[in-house]
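A.B. asks: coords below, sequence missing:
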């Protein structure tokens, strides 16, 4: 059957699906970690992941920013505890 979709595009679609499937496995691990750390609904963490990992392929930037965000979270929680006691 003749197709309007070139071999290159067909192969690219197949490869994208294959790698997307692999990536989703790791994203589940990351989601669990976010939830475990109480930041699953935190937009800063989500935005960092999307910007640094999904869009710009810069995982080290994401790791560094996650570290900063966790420190900020700990400081904020400490201040809240001190204020409420």
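C.D. replies: Looks like it came in fine. Keep in mind the model is a prediction, meaning the values are calculated, not measured.

A.B. asks: burial measure for residue 45, as a count.
C.D. replies: By other C-beta atoms under 10 Å, the residues close to residue 45 number 21. Using the backbone N, CA and C atoms, a C-beta is placed for each residue, glycine as well.

A.B. asks: er, residue 59 actually
C.D. replies: 11.

A.B. asks: Please apply the same query to the one 3 residues further on.
C.D. replies: Other residues near residue 62 number 19, with proximity taken as other C-beta under 10 Å.

A.B. asks: hey, which helix is longest across the protein?
C.D. replies: helix 7-36 (DSSP state H).

A.B. asks: distance between that helix and the chain's centre?
C.D. replies: 12 Å (C-alpha atoms, centre = their mean, to the nearest Å).

A.B. asks: Now the element after that helix, going C-ward?
C.D. replies: helix 43-49 (DSSP states H and E).

A.B. asks: and the angle for the helix or strand encompassing residue 60 with helix 7-36?
C.D. replies: Using DSSP H and E, residue 60 maps to helix 59-84. Going by axes from the mean of the first three to the mean of the last three C-alpha atoms, to 10 degrees, helix 59-84 is angled at 20 degrees with respect to helix 7-36.

A.B. asks: I'd like to know which elements helix 59-84 is packed against.
C.D. replies: helix 43-49 (3 or more C-beta pairs under 8 Å, 6 or more residues apart in numbering; DSSP states H and E).

A.B. asks: Contacts for the helix it packs on, please.
C.D. replies: By C-beta atoms under 8 Å, 6 or more residues apart in numbering, the list of residues contacting helix 43-49 from outside reads 30, 34, 39, 61-62, 65-66, 69.

A.B. asks: mean confidence for that helix?
C.D. replies: Taken as a whole, helix 43-49 has a mean pLDDT of 94.

A.B. asks: in it, what's buried?
C.D. replies: Using 16 or more other C-beta atoms under 10 Å as the test for burial, helix 43-49 gives 45, 48-49.

A.B. asks: cool, and stretch 23-35?
C.D. replies: Here stretch 23-35 shows residue 34 as buried, counting by 16+ other C-beta under 10 Å.
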